[in-house]
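Engineer: Fold the stuff below for me.
(chains A and B)
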Amino acid sequence: MFTEILLALVVGGVVYFLVQRSKRHQLKSEDGWWGEGTPMAGEEDLSIRPYTVQTDDEELEDLYRRIDQTRPFPSLEDSQFNYGFNSHYLQKVVTYWRRDFDWRRQVEKLNKFPHYKTNIEGIDVHYVHVRPKNLPEGVTAVPLLMVHGWPGSFYEFYRMIPLLTQPSNPDDIVFEVVCPSIPGYGFSEAPHKKGFDSVCAARVFHKLMKRLGFQQFYAHGGDWGWIVTTNMAQLEPKIIKGLHLNFAPPSKPGLPVVLSIMLGRSFPKLFGFNEHDIQRIYPVVQNLVVESVKESGYLHIQATKPDTVGRALNDSPVGLAAYILEKFSTWTDHDFRNLDDGGLTRKFSLDDLLTNVMIYWTSGCIISSMRFYKENFSKGLDQPHSKMPVHVPTGFACFPNELMHTPKLWVQQKYRELKTFTPMARGGHFAAMEEPELMAQDIQNFTKMQEKMK
Amino acid sequence: VYLQILDPTQQQQLLVAGSAVAVGGLLTCYYWVYQGTKTKRIPIGDGWWGAGEKPQSEDEKVFPFQVQTSDEEIQDLYDRIDRTRYTEPLKDTGFQYGFNSTYLKKVVSHWRHQFNWKKQIAILNKYPQFKTNIEGLDVHFIHVRPPHREGQRVLPLMLVHGWPGSVYEFYRILPLLTDSLDSLAFEVICPSIPGYGFSEAPHKQGFDTLAAARVFHKLMERLGFSGYYLQGGDWGSIITTNMAQMKPECVKGLHLNMLTNKLRGFGVLFSILIGRYLPWLFGFTREDVRRLFGSVGFMERNFYEIIRETGYLHIQGTKPDSAGCGVNDSPVGLAAYILEKFSTWTDFNNRDLEDGGLERKFTLDDLLTNIMIYWTTGSIVSSMRFYKENLKTNIDNRLDNNTGVYVPTGLAAFPNEVRHVPQSWARDRFRNIYSYSYMPRGGHFAAFEEPQLLADDLLQFVKKVEKL
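Structural biologist: Numbers count the residues shown, from 1 in each chain, chains lettered A, B, ... in the order given. I've put the predicted structure just below:
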């Protein structure tokens, strides 16, 4: 009898120990090389080169010629944005693009923050690095890395950067901001080999921050930026002081999530659901299944045949604009699908939207940006990093019109040290671009809380 | 006496087991009875798809049509081709990421320097073509009458294409059906689905396969046919099936080279789980087992492969205008998008090849002619919308998917078709199967790829129905 108990205890202890260990397991990552051919022997090029966004007459002429040669196809009567970007409104956007949009002025605007490039793992990584000016005595800026998603770019953060590097409130933290472009997006070189997924991007960005001399920093992300920064926290939890996210769909719905879906409507308090949570989740099939299917066609085709779907978009600027801007409409508010103009200019200016599109157009990166989906999904949804929880202090900004609504309970399943969970007043998927003040405010609150705890 | 031997708990167990069997038996009976009373036809309905309001009277004229081009059109095409902005493919990925850019350059070079569109138009025009206005849309069709031969019986036949195909897919099979020395020949009508090729695209929402079926019935009626055969693959298969369900009295026989079935219900589920080991229990032949389970297992072959290959279906079924906008501006983009299907749906193994195996079964000229039909008509967007119109609501619940097909049916199962449906599954819906043939080779674009095999199978099926 005694030996049985002892044996049970020992076995239990071993199992517990193993389970605990695997829970605190750090994400591992091997090194990689993404340049053409094989890496050359000798020193790696560690230089940091300043970069300026440029354009020329030829580029603009080519763009205008292609716009003029668009072969438009009329939308079905009364279909608004339900079949994709509405042709009538597209015509208006394109006319603006052709006649009023000033790319040269936008390029100047892009260059008002310093850009750089540096070669990591064989590819040139582009980033914006903004150091705050006029720091008061004895104050050091807090380093913050912000990672964009698809179909966005570093430009999404432009309105937020001054709020972070030159806050008006003297009690606010002053940030030093680094906004890289994910390899394959914008001005970052695209990987030449297959296999470049979010963990690789995370590793590359760690190397970047190390190269810039940061021992510890905060990270913010939404969309792909969410996964990349999460992977960064999983790879090196001691280096990420805090993780701030606005998008975090559950990658592996465990028992608590499933139970909350089943019983949350009847027992909201039990799961910490508020009214907004109930509204966004129920009816379950409509909101979680049907809506997801309706809006994930792009994900499905990009995760399987990126070279096919992106092929035409690299030749047709209007096609590219329709494809990308449809997301800026629908992912800002699902109800915009029923508007003739997709509600695009309610939250964004055409100049800002087209600048983002121009980054994709002039760099010709649409195919490589889509390949990121295949690299991440082709191995299945059961990646080690999606099963691994995150033990870095995390702050979550919950925007009401985000693509996938995640109540606090769901976020907590993966982010075990959730310090702040803020229901935001308004905003959708492209929150940083749509509501920069609100987002900056939440980053401030989260970071202040973390810095005080030191 | 026996029951008294058992103690109370055992009695209870026997009661429970007995009830379970009884309930199971009742459910099975109900299921069989329910199956038997399935409706035998679907309503015909009506529609109007033209721009604006419907006029008082409909224009029923049939007028001849010829495919044409101009130097301007060809020059515009060349300009766009010359301005393509290529992206290098990833190393060693073949066609896994979609159409390989390196091979795409070769195809485009042929298109730019060797392909002769004017010559291809002459080929297209060798069969008489017409247009007529039905439900507000100009419907294009080819009408081929066989030359008069002593003792040869001629039967009317309609061939319906799919996506991303066109009437051109049938150009290799047409002579085999209309110009043969056999005792039986066909007078063939090949329409273009509204929104495809030279048929006008619907201006209103809701144009699905049922609408297309009705339009094609009206077409046959207008041409003076009261009884005819139907053949189709891809969308053509669904449209012709709908036609057979709408007016079974007009459809003498239905021949399909692509099947779909609902992967639901206990019968199907069990057959998936156990069918590999006890095929005879589910009516599976050895060939069925080979095609369903292959060397990789059912899930891999039928589930994961389908997920890998249905991205286009998903985006076209939800955001066709976004997917198609750019493709209508870029001929190279259009070619890549469409030809990827001609590669992969002919044989999944083609994905591992640098050239996608395209020229093994097709000539570049034929493939590009099909592309040119989409390009010159600018119909790619409307062709994609057809997916949304049909997939907007859950298609499994649609009336036609819950109604049987009672006309004589012939099924040709090609080995490399995207999904294999054994006869035992097909029987659930097709209640009057006259022939089910395992074809020795060929994939999704059967008429284009293996016209002789398809023509032979169609002929033997029709002869069975006609009792020849």
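Engineer: near chain B, which residues of the stretch 151-300 of chain A?
Structural biologist: A:190, A:191, A:192, A:193, A:194, A:293, A:294, A:295, A:296, A:297, A:298, A:300 (Cβ under 8 Å from any Cβ of the partner chain). Every residue, glycine included, has its C-beta placed from N, CA and C.
Engineer: Show the pLDDT at the residue in the stretch 101-250 of chain A that chain B sits nearest to.
Structural biologist: Using Cβ to the nearest Cβ, the closest approach of the stretch 101-250 of chain A to chain B is made by residue A:194 at 4.6 Å. Per-residue confidence (pLDDT) for residue A:194: 91.
Engineer: Same check on residue B:6?
Structural biologist: So residue B:6 comes in at 59 (pLDDT).
Engineer: next one: residue A:163
Structural biologist: 95.
Engineer: which intervals of the chain have sub-threshold pLDDT?
Structural biologist: By default, I'm working from chain A. By pLDDT under 70, the low-scoring segments of chain A are A:1, A:12-25, A:454.
Engineer: switch to chain B, that's the one I care about
Structural biologist: Looking at chain B by pLDDT under 70, you get B:1-7, B:24-25, B:27-39.
Engineer: All the strands of it, residue numbers only.
Structural biologist: For chain B, the strands defined by DSSP state E occupy B:62-65, B:129-134, B:137-144, B:153-160, B:184-191, B:228-232, B:251-256, B:409-413, B:433-438.
Engineer: Dump these to CSV, plus distance to chain A.
Structural biologist: Listed next are the strands of chain B as CSV, based on distance: least, Cβ to the nearest Cβ, whole Å:
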stretch, distance to chain A
strand B:62-65, 21
strand B:129-134, 18
strand B:137-144, 13
strand B:153-160, 23
strand B:184-191, 21
strand B:228-232, 25
strand B:251-256, 27
strand B:409-413, 25
strand B:433-438, 29
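Engineer: got these as TSV, with mean neighbour count columns?
Structural biologist: Below are the strands of chain B laid out as TSV (neighbours: other Cβ atoms under 10 Å in any protein chain shown):
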stretch	mean neighbour count
strand B:62-65	13
strand B:129-134	20
strand B:137-144	22
strand B:153-160	21
strand B:184-191	23
strand B:228-232	26
strand B:251-256	25
strand B:409-413	25
strand B:433-438	18
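Engineer: Distance to residue B:43 added to those, as TSV?
Structural biologist: As requested, the strands of chain B are arranged in TSV below (distance: least, Cβ to Cβ, whole Å):
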stretch	distance to residue B:43
strand B:62-65	27
strand B:129-134	18
strand B:137-144	21
strand B:153-160	21
strand B:184-191	22
strand B:228-232	19
strand B:251-256	16
strand B:409-413	21
strand B:433-438	25
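Engineer: tally of neighbours for the closest residue to chain A within the stretch 351-468 of chain B?
Structural biologist: Using Cβ to the nearest Cβ, the single residue of the stretch 351-468 of chain B nearest to chain A is residue B:381, 4.3 Å away. Using other Cβ atoms under 10 Å in any protein chain shown, residue B:381 has 27 neighbouring residues.
Engineer: Hmm, it is touching residue B:326, no?
Structural biologist: No. Between residue B:381 and residue B:326 there is no contact under Cβ atoms under 8 Å: 10.2 Å.
Engineer: excluding its backbone neighbours, what's nearest whichever residue of the stretch 351-454 of chain A sits closest to chain B?
Structural biologist: Residue of the stretch 351-454 of chain A nearest chain B, by Cβ to the nearest Cβ: residue A:367 (4.4 Å). Residue nearest to residue A:367 in three dimensions, not counting chain neighbours: residue A:310, with 3.7 Å by Cβ to Cβ, 6 or more residues apart in numbering or on different chains.
Engineer: Surely the one you found is within a strand?
Structural biologist: No. Per DSSP: H, G, I helix; E, B strand; the rest coil, residue A:310 lies outside any strand segment and is helix.
Engineer: one step back: for the residue of the stretch 101-250 of chain A closest to chain B, which non-adjacent residue is spatially closest?
Structural biologist: Counting by Cβ to Cβ, 6+ apart, the residue nearest residue A:194 is residue B:90, at 4.6 Å.
Engineer: quick one: contacts for residue B:177?
Structural biologist: Applying Cβ atoms under 8 Å, 6 or more residues apart in numbering or on different chains to residue B:177 gives the contacts B:157, B:185, B:186, B:188, B:455, B:458.
Engineer: before we move on, back to that, my read is that the residue nearest to residue A:194 contacts residue A:193, right?
Structural biologist: Yes. With contacts counted by Cβ under 8 Å, residue B:90 reaches residue A:193, the gap being 6.4 Å.
Engineer: do you know how far the closest residue to residue B:271 other than its chain neighbours is from residue B:266?
Structural biologist: The shortest distance from residue B:271 to any non-neighbouring residue, by Cβ to Cβ, 6+ apart, is to residue B:282 (3.9 Å). Counting by Cβ to Cβ, to the nearest Å, the separation of residue B:282 from residue B:266 is 11 Å.
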